[in-house]
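Undergrad: Structure, please.
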Amino acid sequence: MHRIDAHQHFWDPARYTYPWMAGEAMDPVRRAFGPQDLLPSLRAADVDGTVLVQTLSSLAETREFLEVAAANDAVRGVVGWVDLTSPSVGDDLDELLGGPTGRWLAGVRHQVHDEPDPDWLRREDVRRGLAAVQRRGLAYDLLVRARELPAATDAVRRFPQLRFVLDHIAKPRIAEGRDEEWLRAMPALAAEPNVSVKLSGMVTEADWGAWTAEDLRPFVGRVVDWFTPQRLLYGSDWPVCLLAGSYEAMLAGLTAALPPLDAGELELLFGGNAARVYGLTPTGSGTRWRPPGPSAGSPSTG
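TA: From the prediction side, this is the model:
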């Protein structure tokens, strides 16, 4: 069994400005984090590899992350960023994929929940960008909250051949114990077979200083029921998770919050599904990239 952490980050506030890092609450993680900081936790948790996920709307960061993946066996793939609304989105993707580190590009993401328009994913220019991602055989990570879930569901239906991955179970209000908007919107998204979900980012939606597995359990249980173990991915959201506890504490909390799963289902959750969705190889030799071909489900948006 190859254990994969399907969602982690690196960053350096001395080199880049991170808009989401504003405020005193983020002070504990306002420093550089790189592979040398993560590896001890991966070893302690018997995690073999990770998927490194973008933190900025920046092609430069994506290029750097691909270089990091090429230099570090633990990083099996990168979810980078391109401007989906740009007329050159296809060229940008081809440049990334065609470079010496391009085989590590596994997917694309944008901070949709920071867009003022809850219907951003319904825009025609965004859909043209998603079509370009689909044609190149990459995955697309959905970073949304409950507000954006209806538009996300429409996008998933519009692109049935595109592999979507919902990050952080759409960030429900775990600290409040219930999120009615999330409860109403999630089943429709989960009903679409081309979307998987990361059990990640939950401890920072709970009470940072007092959360327990009991706080996570109702949300985790619903997600497991909706998506089934065949579409669940484990992600730490490290080092963001350090705001609410150590890597080890986060993983222990998630494990305790899971409903009963058999060995095969746990293997899918903790590695198998990530390898399938992102096309990861079992060693640090880069992702498998399949040349794009025509898809019967491709929309006419270009």
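Undergrad: Check the separation of the first and last residues in stretch 156-176.
TA: The first residue of stretch 156-176 is 28 Å away from its last residue (C-alpha to C-alpha, to the nearest Å).
Undergrad: try stretch 241-254
TA: End-to-end distance of stretch 241-254 (C-alpha to C-alpha): 12 Å.
Undergrad: Please apply the same query to stretch 205-214.
TA: So stretch 205-214: terminal residues 14 Å apart, C-alpha to C-alpha.
Undergrad: Measure how buried residue 54 is and give me the count.
TA: When neighbours are defined as other C-beta atoms under 10 Å, residue 54 has 23 of them. (C-beta placed from N, C-alpha, C; glycine too.)
Undergrad: Quick check: chain neighbours aside, which residue is closest to it?
TA: residue 81 (4.4 Å; C-beta to C-beta, 6 or more residues apart in numbering).
Undergrad: Residue 60 is in contact with the one you found, correct?
TA: No - Residue 81 lies out of contact with residue 60 (C-beta atoms under 8 Å); the separation is 9.8 Å.
Undergrad: neighbour count winner among these two?
TA: A count of neighbours by other C-beta under 10 Å puts residue 81 above the other of residue 81 and residue 60, at 24 against 11.
Undergrad: Residue 99 versus that one, what's the distance?
TA: Computed as C-beta to C-beta, to the nearest Å, the residue 81 to residue 99 distance reads 15 Å.
Undergrad: tell me the contacts of the residue nearest to residue 54?
TA: Shown in contact with residue 81 (C-beta atoms under 8 Å, 6 or more residues apart in numbering): 54, 56, 57, 58, 59, 61, 62, 108, 109, 110.
Undergrad: Now do the helices in the stretch 1-150 of the chain.
TA: Applying DSSP state H, counting those that start in this stretch to the stretch 1-150 of the chain gives helices spanning 35-44, 59-71, 89-98, 124-135, 149-158.
Undergrad: A PyMOL selection for the contacts of residue 81, restricted to the buried ones, would help me check which they are.
TA: Restricted to buried positions by 16 or more other C-beta atoms under 10 Å, the PyMOL selection for the contacts of residue 81 reads:
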select buried, resi 54+56+58+59+61+62+108+109+110
